[in-house]
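J.: Let's see this in three dimensions:
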Amino acid sequence: MTTFAPWQQRIHDQAAAALDAGRLGHGLLFCGPGRLGKRQVAEHLARRLLCTDRRTDGEPCGECRGCRLWAAGSHPDYQLVSFIPTKDGSKLRTEIVIEQIRKLSEQMALTPQYGGAQVVIIDPADAINHAAANALLKTLEEPVPGRYLWLVSAQPSRLSATIRSRCQKLEFRLPPRTEALDWLQRQGHAATEAGEALDAARGHPGLAHEWLGGEGLALRREVASDLDKLLRNELAVVETAQRWTADGQADQRLRFAADLAVAEATGGLTDPLRARSLAEWFDRANRARELLRTTVRAELVVVELLMAWRAGVGRAGTNQMGQGMKA
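T.: Prediction:
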């Protein structure tokens with residue numbers, strides 16, 4: 001039996017009740033911050049739909065042919081649409097393209113092979129390019145009974161308003177702090193570290209769990225320390241930029257840096273000039289993250305950003321974020 005986090009369980013129960021009452025939409029949009037388990041809930045609901053002998057509580061039986069095919073990853077009436085390899089097979093595409101949407105439309109036009117239901121999940125739906133979005137809209141506008149097209153997105157604003165309007169929305173939200181802390185501790189994390197990670201992740205239990213399970217918190221502390229030392233002229237900009245971009249974690253470092261800047265800007269800072277400077281640098285850091293996805297040399301992007309940190313933010317006041325992260 002699938003074990004959900006409390007915030008997942010709430011969404012699942014809402015959708016399952018709609019399914020049992022025959023009110024589950026043809027098009028669903030599972031939206032909300034990343035790493036909250038949206039796809040996990042969507043896939044469990046798909047299992048529920050495709051099971052031909054559900055238990056008395058509505059859950060998949062795990063024994064019927066549909067459940068066995070699902071467990072084997074070969075159910076013919078389920079399709080996951082995500083990034084596919086490029087033509088040369090060297091890497092994954094960064095968009096979901098029209099050929100993929102045409103293929104799913106053709107599949108959904110066929111009669112389901114088992115049970116009478118067919119489910120397609122698109123994740124991440126916000127990666128659909130313009131041509132593919134137009135093709136998807138046609139499929140959404142022409143629903144067929146028993147066919148379900150579900151979109152999973154952490155950035156639903158990137159979807160067209162027309163697509164969003166054709167979908168029933170299931171919104172995942174950050175849970176209350178006490179609930180998030182309790183869940184983190186049930187995952188085996190110590191209370192003190194769980195609290196620190198949750199604060200650093202701004203209440204996001206999925207991010208906190210990921211950082212606690214890897215090197216996320218250590219990397220964040222390193223970024224905070226580097227930014228503080230740059231302001232104090234204890235580090236060189238070029239050498240710091242080279243280190244930030246040398247191990248494939250430049251995007252994560254810039255994400256941490258942007259978050260640290262905005263956290264300080266909104267954390268009761270009394271100097272309006274510094275608050276404005278931090279907010280502007282936050283925007284710059286996020287633009288730099290976008291540039292890292294292009295052919296521009298990552299080191300040059302980060303050098304420019306860190307120079308702006310030292311020159312602009314540094315003049316606005318004395319930075320305390322390194323101390324704050326060490327507390």
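J.: ok, residues contacting stretch 51-67?
T.: Stretch 51-67 has contacts (Cβ atoms under 8 Å, 6 or more residues apart in numbering) with 1, 16, 19-20, 47-48, 50, 70-71, 75, 77, 114-115. In short, each C-beta sits where N, CA and C put it, glycine included.
J.: That one: end-to-end distance?
T.: One end of stretch 51-67 to the other measures 6 Å (Cα to Cα, to the nearest Å).
J.: mind listing what's buried in it?
T.: For stretch 51-67, burial by neighbour count (16 or more other Cβ atoms under 10 Å) applies to C51, R54, P60, C64, G66, C67.
J.: that older thread, drop anything exposed from the contacts of stretch 51-67.
T.: A16, L19, R47, R48, L50, W70, H75, D77, Y114, G115.
J.: Could I get the contacting residues of the residue nearest to the spatial centre of the chain?
T.: Nearest to the mean C-alpha position of the chain, by Cα atoms, centre = their mean, lies G34 at 2.3 Å. Residues near G34 by Cβ under 8 Å, 6+ apart: A154, G206.
J.: Then Q249?
T.: L219.
J.: close enough to count as contact, T240 and D226?
T.: Yes - the criterion here is Cβ atoms under 8 Å, and T240 meets it with D226 at 5.7 Å.
J.: quick check: mean pLDDT across the lengthiest strand in the chain?
T.: In the chain, taking DSSP state E as the definition, the longest strand is strand 147-153. Summarised as a single mean, pLDDT over strand 147-153 is 97.
J.: what's it packed up against?
T.: strand 27-31, helix 38-50, helix 98-109, strand 118-122, helix 130-141 (3 or more Cβ pairs under 8 Å, 6 or more residues apart in numbering; DSSP states H and E).
J.: so what strands line up beside it?
T.: strand 27-31 (parallel), strand 118-122 (parallel) (DSSP bridges).
J.: Just want the angle from it to helix 98-109.
T.: With axes from the mean of the first three to the mean of the last three Cα atoms, to 10 degrees defining the directions, strand 147-153 sits at 150 degrees from helix 98-109.
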